[in-house]
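Student: My questions concern the predicted model and sequence given below.
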Amino acid sequence: MVPALAVGAALLGAPATATAAPVETSGFLRTVGYDVSHPQCGTDLPDDAAFAVVGVNGGLATRTNPCLADQLTWAAGSSGVVPGQPALQLYLNTANPGQLRDQVVTWPSGGETPYGRCDGGNSMACSWQYGWERARTSVEAFFRPAARAARLDSRPQRYTWWLDVETMNTWQTGSDDARARNRAALEGMAEYLTDEDGRVGLYSTGYQWAQIVGEVPDDSPLAGLPSWLAGATSLSGAVAACERSPLVPDGEVELTQYVPDDLDRNHACR
């Protein structure tokens, strides 16, 4: 995952008293989590992870992380000492290229959706279908073979799946309708994962979320999902970020990311 500050890129924030206190032991933070993906291929990864989030994709929703199996094996060795945070978690790249659909081969031409039938146009229905198909491909074609190679459970219901929403990916722009179509794409991804009994969360910064998605209605399937907020550069900043507003209504900030050097770290707010 590219650090949110570098790309310039769901709920009431938990009070500071509810955040997990960092614990110093033998020179490292026992409660620290890490997130890694294709940029960390071939690098030595830390052995002090309390939990780890691995990127399934290779920067785009249509590509796989080339070292996914190796990183899954590494993440599965995390200690899991932070309550409520599974040792191994996953994240998916997201996008909506509907305004450029003539330039991509993955835009859907049909499908029944909560927004009606997709007919191949730049619509809410086809945006939803695009997201659903990208999640299915990420799970079926990318994650499951890698999980089996790593000798891990390949069932989606065994994992938390974070949707990585950043401005560096391709999104529709220019209007509230464009942001609504972006929201529909994320709803399609979330629908596929929840139908597979996976747990879904949302990763972004408040700024990027506002640019890409905007305000989420209370009746959206995204409402109530937990937020993972990026943007901090220190542990103290990450702890403070637990008090920020979440990305969607009726949820809470669960994780905050901080990037003090060249490796993303994460703090559990509860």
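Tutor: That came in fine, so what should we check first?
Student: where are the low-confidence patches of this protein?
Tutor: For the chain, applying pLDDT under 70 flags the ranges 1-29.
Student: Contacts made by the biggest helix by length in it with the rest, please.
Tutor: Using DSSP state H, we find that the single longest helix of the chain is helix 176-195. By C-beta atoms under 8 Å, 6 or more residues apart in numbering, the residues outside helix 176-195 that reach it are 92, 94-96, 98-99, 113-115, 122-125, 127-136, 139, 156, 161, 163, 165, 171-172, 200, 202, 212-214, 216, 220-222, 225. For glycine as for every other residue, the C-beta is placed from the backbone atoms N, C-alpha and C.
Student: Stretch 97-109 now?
Tutor: For stretch 97-109, the surrounding residues in contact (C-beta under 8 Å, 6+ apart) are 62, 118-120, 122-123, 126-127, 129-130, 133-134, 170, 172-173, 178, 181, 185.
Student: And the helices in the stretch 51-200 of the chain?
Tutor: 68-76, 124-137, 144-149, 176-195 (DSSP state H, counting those that start in this stretch).
Student: for the longest one, which positions count as buried?
Tutor: Within helix 176-195, the residues scored as buried using 16 or more other C-beta atoms under 10 Å are 178-194.
Student: got a list of what A50 touches?
Tutor: Going by C-beta under 8 Å, 6+ apart, A50 touches 30-33, 78-82, 85, 87.
Student: Buried among these? Make that a PyMOL selection.
Tutor: In PyMOL, this line selects whichever of those come out buried by 16+ other C-beta under 10 Å:
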select buried, resi 31+32+33+78+82+85+87
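Student: wait, isn't C126 in contact with D119?
Tutor: Yes: the pair C126 / D119 is scored as a contact, 7.3 Å apart, by C-beta atoms under 8 Å.
Student: More neighbours: these two, which one.
Tutor: Between C126 and D119, C126 has the larger neighbour count (other C-beta atoms under 10 Å), namely 29 against 12.
Student: How about the more buried one: what's its closest non-neighbour residue?
Tutor: C118 (4.0 Å; C-beta to C-beta, 6 or more residues apart in numbering).
Student: Can you give me the neighbour number for the one you found?
Tutor: Neighbourhood size, C118 [other C-beta under 10 Å]: 22.
Student: What is the three-state secondary structure of the nearest residue to D264 once chain neighbours are set aside?
Tutor: With sequence-adjacent residues excluded and distances taken as C-beta to C-beta, 6+ apart, D264 is closest to D35, at 4.7 Å. What DSSP: H, G, I helix; E, B strand; the rest coil gives for D35 is strand.
Student: For D35, give the beta-bridge partners.
Tutor: Bridge pairing for D35 (DSSP bridges) gives the partners V53, D264.
Student: Could you check how far the closest residue to C41 other than its chain neighbours is from V56?
Tutor: Nearest non-adjacent residue to C41, counting by C-beta to C-beta, 6+ apart: C67, 3.9 Å away. The gap separating C67 from V56 is 11 Å, by C-beta to C-beta, to the nearest Å.
Student: what sits against G111?
Tutor: By C-beta under 8 Å, 6+ apart, the contact set of G111 is 117-118, 125-126, 129, 132-133.
Student: Ok, S78 next?
Tutor: Neighbours of S78 in contact, by C-beta under 8 Å, 6+ apart: 33, 49-52, 87-88.
Student: if I look at it, how far off is R30?
Tutor: Separation of S78 from R30 (C-beta to C-beta): 11 Å.
Student: Please apply the same query to W128.
Tutor: In this view, W128 and R30 are 41 Å apart by C-beta to C-beta.
Student: what's around T43, how many residues?
Tutor: Residue neighbour count, defined by other C-beta under 10 Å, stands at 10 for T43.
Student: Can you tell me the element it falls in?
Tutor: Per DSSP states H and E: T43 is located in neither a helix nor a strand.
Student: repeat for L255
Tutor: Using DSSP H and E, L255 falls in strand 253-258.
Student: quick revisit: who are the contact partners of the residue nearest to C126?
Tutor: 108-112, 125-126, 128-129.
Student: swap in V54?
Tutor: Contacts for V54 (C-beta under 8 Å, 6+ apart) come out as 35-37, 65, 68, 71-72, 75, 88-91.
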